[in-house]
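Novice: Have a look at this fold, sequence not included:
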């Protein structure tokens, strides 16, 4: 009987926990309703130069199909958000391997480079950039992988935007003009399956650019 009771209690735990989560979510939305934030208006003049923004999508060079799909999705994001002060980029690295370089690496990177160059040729203004980094040995994984995976990519990108070199001296800008990054103010990071609906980027920038919403920086 004790065993049956324990089993029944275990089986009831999952729906009970789900009910608790729903109850907490309901209470939070009632006690802390959403608050509209003030926004600037850049619809007519466009995003000002001082708020130039880089959209970046971290990705893995798994196969040629993935590369082509990510490039196509980036083009769609651009078409929905064509403001002149929006830059669009992919930040790629290879999958894990037993060596720094593996078979098929060169083909995958070339496909990414060619695809991003094609976007620049199609839409002009050199708005598309490809960032890429090589594998490094990671003791905890006992494998050659991209350092710190996605978090590491974003840290390296922040260093680049701050004018710092890659820790290993790698040149990570494979497509696009690095000089365009000199006055990037904001970065919008998207997962590969995240859409960027029409004018969504501008609306986010209008919000964070408002004086009442600007984040304070600790010296």
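Specialist: Received, thanks. All of these numbers come straight from a predicted model, not from anything done at the bench.

Novice: Please count neighbours and contacts with C-alpha atoms only from this point.
Specialist: Will do.

Novice: Strands of this structure, start to end?
Specialist: In the chain, the segments counted as strands under DSSP state E are 53-60, 86-93, 128-132, 136-138, 143-145, 173-175, 186-189.

Novice: Output the ones you listed in a markdown table, with mean pLDDT, distance to residue 19 and mean neighbour count appended to each entry.
Specialist: Supplementary listing: the strands of the chain in a markdown table, determined by pLDDT from 0 to 100; distance: least, C-alpha to C-alpha, whole Å; neighbours: other C-alpha atoms under 10 Å:
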| stretch | mean pLDDT | distance to residue 19 | mean neighbour count |
| --- | --- | --- | --- |
| strand 53-60 | 96 | 35 | 22 |
| strand 86-93 | 96 | 39 | 24 |
| strand 128-132 | 96 | 44 | 25 |
| strand 136-138 | 88 | 41 | 16 |
| strand 143-145 | 89 | 40 | 19 |
| strand 173-175 | 95 | 48 | 19 |
| strand 186-189 | 96 | 32 | 16 |
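
Novice: how long is stretch 166-184 from one end to the other?
Specialist: 18 Å (C-alpha to C-alpha, to the nearest Å).

Novice: thinking again about what came up before, distance to residue 32 for the strands of the chain - can I get that in TSV?
Specialist: Shown next, in TSV, are these (distance: least, C-alpha to C-alpha, whole Å):
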stretch	distance to residue 32
strand 53-60	30
strand 86-93	33
strand 128-132	40
strand 136-138	43
strand 143-145	42
strand 173-175	43
strand 186-189	26
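
Novice: For residue 20, which of those strands is the nearest?
Specialist: strand 186-189 (31.5 Å; C-alpha to C-alpha).

Novice: Helices of the protein, start to end?
Specialist: Under the criterion DSSP state H, the chain contains helices at 2-31, 64-80, 105-123, 149-161, 200-208.

Novice: tell me which residues in the last one are buried?
Specialist: Residues of helix 200-208 classed as buried by neighbour count (16 or more other C-alpha atoms under 10 Å): 201-203, 205-208.

Novice: likewise stretch 158-169?
Specialist: 160-161.

Novice: looking at the strands of the chain, which is closest to residue 30?
Specialist: Shortest distance between residue 30 and the strands of the chain, using C-alpha to C-alpha, is found for strand 186-189: 29.6 Å.

Novice: what packs against the closest one?
Specialist: Applying 3 or more C-alpha pairs under 8 Å, 6 or more residues apart in numbering; DSSP states H and E, we find strand 186-189 packed against strand 53-60.
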